[in-house]
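In: Let me see the structure of the following:
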Amino acid sequence: MMIQICDAEDIRILKGAVSKDHVHMLIEYPPSQSISEIVQRLKGP
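Out: Numbers count the residues shown, from 1 in each chain. Next up, the predicted model:
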């Protein structure tokens with residue numbers, strides 16, 4: 001699901017690690033987007 005959101009938002013995942021209760025991601029995103037908005041979209045409703 002995160003990959004689909006990133007593809008739709010023009011966000012590139014450079015590295016990632018998934019644990020049972022959290023995720024670490026190194027991303028590249030357009031400067032027109034704020035990181036707080038990106039995180040909100042990735043976390044869901």
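In: Distance of residue 30 relative to residue 1?
Out: 21 Å (Cβ to Cβ, to the nearest Å). Just so you know, the C-beta spots here come from the backbone N, C-alpha and C atoms, and that holds for glycine as well.
In: These two: which is more packed in?
Out: Taking neighbours as other Cβ atoms under 10 Å, residue 30 and residue 1 compare with residue 30 leading, 10 against 7.
In: Just give me the neighbour total for the spatially closest residue to the more buried one that is not a sequence neighbour.
Out: Among residues not flanking residue 30 along the chain, residue 10 sits closest, at 5.7 Å (Cβ to Cβ, 6 or more residues apart in numbering). Residue 10 has 11 neighbouring residues, counting by other Cβ under 10 Å.
In: same question, residue 6
Out: Residues near residue 6, counting by other Cβ under 10 Å, number 19.
In: need the contact list for it.
Out: By Cβ atoms under 8 Å, 6 or more residues apart in numbering, residue 6 lies in contact with 12, 13, 27, 42.
In: per-residue pLDDT, it?
Out: If you check residue 6, the pLDDT there is 91.
In: hang on, it in a helix?
Out: Yes - counting by DSSP: H, G, I helix; E, B strand; the rest coil, residue 6 is part of a helix.
In: how about the residue nearest to residue 30, phi and psi?
Out: phi 60, psi 40 (degrees, to the nearest 10).
In: Check which helices and strands the longest helix along the chain is in contact with.
Out: Secondary structure of the chain per DSSP state H: the longest helix is helix 35-43. The contact analysis (3 or more Cβ pairs under 8 Å, 6 or more residues apart in numbering; DSSP states H and E) places helix 35-43 against helix 2-8.
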